[in-house]
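Asker: take a look and give me a structure for this.
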Amino acid sequence: FQRQTPKTKPFPTHSHSSHSVIPMPDIGTSPCPPTTSRDPKNTRVGVIGVIQRGSQFLAIRRGAQVRKPGKICFPGGTLIAGEKESETVVRELREELGVQVRPITRIHRSETAWGTQLFWWSCQLESRPTFTLHPVEVAEIRWATLEELLAHPDLLESNHSFLERFRGGDLIPDGPSLGD
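Answerer: Okay, the predicted model is just below:
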């Protein structure tokens, strides 16, 4: 990961298709695999924003004062009670990166080893963003290929599993989301 100066330098303009929806296989109506059944009142829920620009993904290095400091991952955060998943991903990317995104669809769901339910959303950056990183939550950002992310020693484990499924073509839109 190399430090970028996101506060002042916008990313180049790309056509609509260069950073839009993650390509999905033809899946018919197969649902996403179910997550482990837990008491929903005691389950923490996170929503992750997956943004692509060509063959690259937008990734962050987590800040020093948050859980899993220094780890490389996709941006996102905790779903607040009463909030829709799509609202969470918009809010979290605005808070962490200072950008506006348009949520496209939920593409994956998983559960961490510590019981957090994760909902992965394909998102599209609105216009030509200028990134403004949250100084506590995000140390840096980078556009990286799937292979670069998988090879990085600091990649958060839940992100590794997601990228392996992406590489294998196993990601599918999985129907209605929480609150949507």
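
Asker: going forward, measure contacts between C-alpha atoms and count neighbours the same way
Answerer: Noted.

Asker: residues near Leu146, how many?
Answerer: The number of residues packed near Leu146 is 16, by other C-alpha atoms under 10 Å.

Asker: now do the same contact list for it.
Answerer: Leu146 sits next to 55-57, 163, 167 when contact means C-alpha atoms under 8 Å, 6 or more residues apart in numbering.

Asker: what's the helix or strand for Glu95?
Answerer: Glu95 belongs to helix 85-97 when elements are defined using DSSP states H and E.

Asker: give me the mean pLDDT for that helix.
Answerer: Averaging pLDDT along helix 85-97 gives 97.

Asker: what lies in contact with that helix?
Answerer: The contact list for helix 85-97 (C-alpha under 8 Å, 6+ apart) reads 47-49, 75-80, 99-103, 119, 121, 131-134, 137-138, 177-180.

Asker: just the ones of those residues in strands?
Answerer: Among those, the members falling in strands are 47-49, 76-78, 101-103, 119, 121, 138 (criterion: DSSP state E).

Asker: can I get the residues you listed in CSV including neighbour count?
Answerer: Below are those laid out as CSV (neighbours: other C-alpha atoms under 10 Å):
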residue, neighbour count
Val47, 26
Ile48, 29
Gly49, 28
Gly76, 26
Gly77, 19
Thr78, 17
Val101, 22
Arg102, 18
Pro103, 21
Phe119, 23
Trp121, 26
Val138, 22
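
Asker: closest to Lys68 out of the residues you listed?
Answerer: Closest approach between those and Lys68, by C-alpha to C-alpha: Val138, at 11.5 Å.

Asker: so that closest one touches Arg67, yeah?
Answerer: No - between Val138 and Arg67 there is no contact under C-alpha atoms under 8 Å: 11.4 Å.

Asker: what sits against the closest residue in space to Leu155 that isn't next to it in sequence?
Answerer: Excluding the flanking residues, the one nearest Leu155 by C-alpha to C-alpha, 6 or more residues apart in numbering is Ile72, at 4.5 Å. For Ile72, the contacting residues are 59-62, 152, 154-156, by C-alpha under 8 Å, 6+ apart.

Asker: with Gly49 instead?
Answerer: 74-76, 89, 93, 120-123.
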